[in-house]
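Enquirer: build me a model:
(one chain, ligands or ions: 1)
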Amino acid sequence: MNSLKSWPCAALADADLSGRTTIRVGGKTQWLLEPATPEELRKAIVAARGEGFEPRILGGGANLIVADGVLPGVVITTDRMQRVFRPGEAVSSEESLRDLAPDTRMAPESRDADARLVAWAGISMPRIVSMTQRLGWAGVEGLVGVPGNVGGGIAMNAGGRWGEMWEIVERVLVVDERGEFVELPRAECRPSYRNGNLGRAIVASAVLRFRPDKTPAVVERCRDYLSQKKRAQPVTEKSAGCIWKNPDPQKSGGRSAGKLVEDCGGKARSRGDAVVSPLHGNFVVNRGKATAVDVLALIEEVHDLVAQKTGIDLEREVKVWCA
Ligand SMILES: Cc1cc2nc3c(=O)[nH]c(=O)nc-3n(C[C@H](O)[C@H](O)[C@H](O)COP(=O)(O)OP(=O)(O)OC[C@H]3O[C@@H](n4cnc5c(N)ncnc54)[C@H](O)[C@@H]3O)c2cc1C
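Expert: The predicted structure is shown next:
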């Protein structure tokens with residue numbers, strides 16, 4: 001029985017997931033585990049596997065559609081892993097990320113020659129962006145307006161035309177398939193377009209490296225990119241970000257997934273309260289009480305429309321969790 005299980009961290013039985021995603025659709029999970037530290041995360045992963053469940057990892061839920069109903073098994077949210085701090089004074093290239101305790105918590109106003117932050121997986125990317133603006137550190141402006149957490153950003157290699165997450169990753173601490181911590185330097189990783197390529201490894205924390213700059217310059221770039229993003233994407237509506245990856249430009253004649261949807265007449269198609277955004281063909285927005293069934297049916301309809309009209313099989317970027 002759900003209520004009798006004991007987990008190595010805070011846990012909720014039959015927990016709603018729709019409110020934990022930005023598109024606000026979907027059902028519940030049998031178990032939601034809420035570790036507050038990297039070590040609790042590791043123990044939660046081991047415990048879930050010990051019960052025969054491969055846990056699903058939930059960050060900010062900003063690129064995720066959860067099916068309606070109840071997902072059996074375990075979801076682990078990183079939302080309580082909210083620490084960000086500067087590496088200690090004695091940091092060297094040989095330092096271990098595991099040994100970096102968050103007792104050197106950063107003062108956001110301070111700034112020094114070592115333009116790095118240690119971020120636990122659950123810190124939100126908008127918080128990193130605003131922190132680096134205050135510090136006058138460059139490198140992450142391209143992710144302004146991108147919701148979600150550091151762990152999700154690394155797993156997805158979030159980004160766009162102004163830069164990608166892995167450009168600021170120095171190394172990550174992951175929990176591997178054996179349930180052990182492993183530190184991966186950037187040079188050992190092979191992130192690609194919208195994919196951190198970490199396989200089943202789960203991000204616990206990361207060292208992020210920035211470039212010292214001046215606050216007004218960083219703020220100005222963020223303002224510029226954000227205003228362009230707001231003009232092009234439905235950032236104030238409930239969505240799951242881009243549904244599809246942009247296809248090979250050689251096959252699409254240089255057209256993005258959103259442009260293909262638009263050219264094929266897919267914009268503003270709807271199912272219930274799920275609507276293809278009139279602003280951007282690669283976004284499905286929830287205009288009220290859309291269900292996951294509505295959203296997924298609409299995605300399939302538009303995918304098939306583009307395939308019929310162009311022969312292009314759009315590959316999904318958004319993650320879908322089904323029972
Ligand atoms: C309005 C809007 C605008 C957006 N704009 C952009 C954009 O410009 N560029 C872009 O790339 N994305 C964009 N997105 C999508 C989304 O913001 C990014 O993909 C983001 O990085 C997802 O992070 P998350 O923490 O929300 O991950 P989630 O949605 O929670 O999870 C996504 C995937 O990452 C995995 N994951 C999460 N945390 C971890 C972890 N700690 N370790 C291992 N795997 C993990 C999950 O299991 C899942 O498979 C946008 C979304 C919205 C709603």
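Enquirer: so which elements touch the one helix or strand in the chain whose mean pLDDT sits lowest?
Expert: Sorted by mean pLDDT, DSSP states H and E, the helices and strands of the chain end with strand 84-85, the least confident at a mean of 92. Using 3 or more Cβ pairs under 8 Å, 6 or more residues apart in numbering; DSSP states H and E as the contact test, the elements touching strand 84-85 are strand 116-120, helix 125-135. All C-beta spots, glycine's among them, are computed from the backbone N, C-alpha and C.
Enquirer: nearest to Thr22 among these would be which one?
Expert: helix 125-135 (12.1 Å; Cβ to Cβ).
Enquirer: alpha carbons of the closest one, in PDB - could you do that?
Expert: Taking Å, rounded to 0.1, in the frame of the first residue of the first chain, the C-alpha atoms of helix 125-135 are listed here in PDB:
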ATOM      1  CA  MET A 125      17.400  28.600 -14.900                       C
ATOM      2  CA  PRO A 126      15.700  32.000 -14.600                       C
ATOM      3  CA  ARG A 127      17.400  32.300 -11.200                       C
ATOM      4  CA  ILE A 128      20.800  31.500 -12.700                       C
ATOM      5  CA  VAL A 129      20.200  34.100 -15.400                       C
ATOM      6  CA  SER A 130      19.200  36.800 -13.000                       C
ATOM      7  CA  MET A 131      22.100  36.000 -10.600                       C
ATOM      8  CA  THR A 132      24.600  36.300 -13.400                       C
ATOM      9  CA  GLN A 133      23.100  39.600 -14.500                       C
ATOM     10  CA  ARG A 134      23.800  41.000 -11.000                       C
ATOM     11  CA  LEU A 135      27.300  39.500 -11.000                       C
END
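Enquirer: from the contact counts, what lies against the next helix or strand along the chain from that helix?
Expert: Sequence-wise, the next helix or strand downstream of helix 125-135 (DSSP states H and E) is strand 137-138. Counting contacts by 3+ Cβ pairs under 8 Å, 6+ apart, strand 137-138 is packed against strand 211-212, helix 215-232.
Enquirer: for Val169, find the nearest of these.
Expert: So among the helices and strands packed on strand 137-138, strand 211-212 is nearest, using Cβ to Cβ, at 13.9 Å.
Enquirer: what strands flank the closest one, and is each parallel or antiparallel?
Expert: strand 137-138 (antiparallel) (DSSP bridges).
Enquirer: CA atoms only for the next helix or strand after the partner strand, dumped as CSV, please.
Expert: Scanning forward in sequence from strand 137-138 by DSSP H and E, the next helix or strand is helix 150-156. Taking Å, rounded to 0.1, in the frame of the first residue of the first chain, the C-alpha atoms of helix 150-156 are listed here in CSV:
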residue,chain,number,x,y,z
VAL,A,150,19.5,23.3,-14.2
GLY,A,151,19.2,19.5,-14.3
GLY,A,152,16.6,19.6,-17.0
GLY,A,153,18.5,22.2,-19.0
ILE,A,154,21.6,20.0,-18.9
ALA,A,155,19.6,16.8,-19.8
MET,A,156,18.0,18.6,-22.7
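Enquirer: helix 150-156 near the ligand at all?
Expert: Yes: Helix 150-156 comes into contact with the ligand (Cβ under 6 Å from any ligand atom), by way of Gly151, Gly152, Gly153, Ala155, Met156.
Enquirer: JSON lines for those, including distance to Val261 and neighbour count?
Expert: Below are the residues of helix 150-156 next to the ligand laid out as JSON lines (distance: Cβ to Cβ, whole Å; neighbours: other Cβ atoms under 10 Å):
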{"residue": "Gly151", "distance to Val261": "29", "neighbour count": "29"}
{"residue": "Gly152", "distance to Val261": "24", "neighbour count": "28"}
{"residue": "Gly153", "distance to Val261": "25", "neighbour count": "34"}
{"residue": "Ala155", "distance to Val261": "25", "neighbour count": "26"}
{"residue": "Met156", "distance to Val261": "21", "neighbour count": "24"}
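Enquirer: near the ligand, which residues of the stretch 201-323 of the chain show up?
Expert: Counting by Cβ under 6 Å from any ligand atom, the stretch 201-323 of the chain sits next to the ligand at Ile202, Val203, Gln233, Val235, Ser239, Ala240, Gly241, Lys319.
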